[in-house]
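Q: show me the folded form of this:
(one chain, ligands or ions: 2)
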Amino acid sequence: MRPFFIDTDTASDDAVALVMALRRHDIDVVGVGVVAGNVPLDMAVQNALYTRELCDRLDVPVYAGEAAPLRLPLGTAQNVHGGDGMGDIGLALAGREPDAGHAVDALLATSHEHAGELTLVTLGPLTNIARALERDPSLPARVARTVVMGAAADHVGNVTPAAEFNVWADPHAFDAVLASGLACELVGWDISRYYAVVEPELAADLRSIGTPVAEFCIDIQRVVAEFCATETKLAGFDLPDPIAMAFAIDPAVATETRRLNLRVETESELTRGMVVMDLLGFTGQEPNALVVTAADRAKFLTMLRSALA
Ligand code: RIB
Ligand code: CA
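A: Ligands and ions are numbered 1, 2, ... in the order given. Model prediction:
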């Protein structure tokens with residue numbers, strides 16, 4: 001049972017990633033921290049609580065975290081995921097109570113309880129993690145792995161031409177995480193585009209598993225499927241957080257990884273949130289992250305199916 005702490009801006013793909021972790025018998029989800037991103041904080045909290053309840057995992061604590069990025073105003077992705085972040089399909093996403101305490105305090109406390117063993121998986125903007133590092137710069141020494149859904153090794157953005165949403169939303173937080181000494185392993189939006197697109201026939205096949213969880217995981221992708229059809233021109237909806245979670249659960253999901261030097265643009269209007277990856281080693285700078293550059297779609301889909309069963 002490996003201890004996982006998951007930080008999420010819970011919307012339609014985050015929810016599937018949470019399901020994948022909450023329904024594993026070899027993962028101990030010791031805490032879920034929620035951060036503003038895809039949707040405002042209170043909605044992300046409700047979405048996480050709804051997902052936890054659907055998985056019958058009320059034993060897993062869910063904590064509200066930061067409601068805004070470190071310095072920038074919050075920019076959400078409700079145009080991608082729907083107003084409620086969960087496809088606007090009329091789910092009863094209100095009225096649940098999160099656990100007492102702030103996500104940053106919970107992450108720090110958990111890092112002591114599971115010192116050296118903890119896997120931190122981040123599925124949203126890195127605001128909570130940056131705040132935790134401000135409070136306790138020794139955090140990296142207690143975290144075994146930090147798996148980050150963020151950036152894109154092919155430099156193709158999904159919120160601007162240059163930037164992936166999680167980094168764009170809070171580039172200063174990502175910059176702080178890069179500099180912190182956390183052993184970051186990045187699963188970028190390129191990996192989602194190349195290996196985690198769910199075409200309509202596959203979506204129907206997954207939904208036909210017929211469990212409430214399977215129907216939930218497919219139905220909440222309604223708005224993102226429209227966004228992919230009209231904006232990103234993918235052959236179906238993609239699942240960035242779930243393939244990042246799959247890699248966190250089983251690193252063999254990655255078929256190629258590279259240690260690279262990464263730097264993030266925090267100031268430019270044009271390229272805010274762009275993570276420049278030194279693929280050719282031009283800078284001579286030391287690598288500061290492990291980047292997944294290819295993945296095993298079949299392995300990912302097998303893990304997804306078993307989570308929905
Ligand atoms: O760019 C994709 C990421 O942004 C995913 O984590 C998605 O949930 C959104 O937060
Ligand atoms: Ca997310």
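Q: quick one: contacts for the residue nearest to residue 66 when sequence neighbours are not counted?
A: Counting by CB to CB, 6 or more residues apart in numbering, the nearest residue to residue 66 once its immediate chain neighbours are dropped is residue 127, at 4.2 Å. C-beta: built from backbone N, CA, C; applies to glycine. By CB atoms under 8 Å, 6 or more residues apart in numbering, the contact set of residue 127 is 35-36, 65-66, 68-70, 170, 173.
Q: for residue 276, which non-adjacent residue is spatially closest?
A: residue 263 (5.1 Å).
Q: which of the three states applies to that neighbour?
A: strand (DSSP: H, G, I helix; E, B strand; the rest coil).
Q: one step back: how close does the residue nearest to residue 66 get to residue 135?
A: Distance of residue 127 to residue 135, computed by CB to CB, to the nearest Å: 13 Å.
Q: pretty sure residue 258 contacts residue 291?
A: Yes - in terms of CB atoms under 8 Å, residue 258 counts as a neighbour of residue 291; the distance is 5.4 Å.
Q: find residues that contact each of these two.
A: residue 153.
Q: by neighbours, which of the contacts of residue 127 wins?
A: residue 35 (33 neighbours; other CB atoms under 10 Å).
Q: what does the longest helix seen in the chain rub up against?
A: With secondary structure taken from DSSP state H, the chain has its longest helix at helix 41-54. When contacts are defined by CB under 8 Å, 6+ apart, helix 41-54 is touched by residues 8-11, 14-15, 18-19, 22, 32, 34-39, 58, 60, 62, 64-67, 84-86, 91-98, 124, 212-213, 216.
Q: next helix or strand past it?
A: Next along the chain after helix 41-54, taking DSSP states H and E as the criterion, comes strand 62-64.
Q: tell me the first helix or strand C-terminal of that following strand.
A: Assigned by DSSP H and E, the successor of strand 62-64 is helix 78-81.
Q: chain center to that following helix, what's the gap?
A: 15 Å (CA atoms, centre = their mean, to the nearest Å).
Q: so what's residue 96 closest to, chain neighbours aside?
A: According to CB to CB, 6+ apart, the nearest residue to residue 96 is residue 49 (3.8 Å).
Q: residue 84 versus the one you found, what's the distance?
A: Distance from residue 49 to residue 84, by CB to CB: 13 Å.
Q: please apply the same query to residue 265.
A: With CB to CB as the criterion, residue 265 and residue 84 are 31 Å apart.
Q: tell me which of these two has more neighbours.
A: residue 84 (22 against 19).
Q: okay but the more buried one is in contact with residue 40, surely?
A: No - Residue 84 is beyond contact range of residue 40, at 10.4 Å (criterion: CB under 8 Å).
Q: check contacts around residue 137.
A: Here residue 137 is in contact with residue 180 (CB under 8 Å, 6+ apart).
Q: tell me the SS of residue 154?
A: Relying on three-state DSSP, one would call residue 154 coil.
Q: my guess is it meets residue 190, correct?
A: Yes - using CB under 8 Å as the test, residue 154 is close enough to residue 190 to be in contact (4.3 Å).
Q: and those two? which has more neighbours close in?
A: residue 190 (22 against 15).
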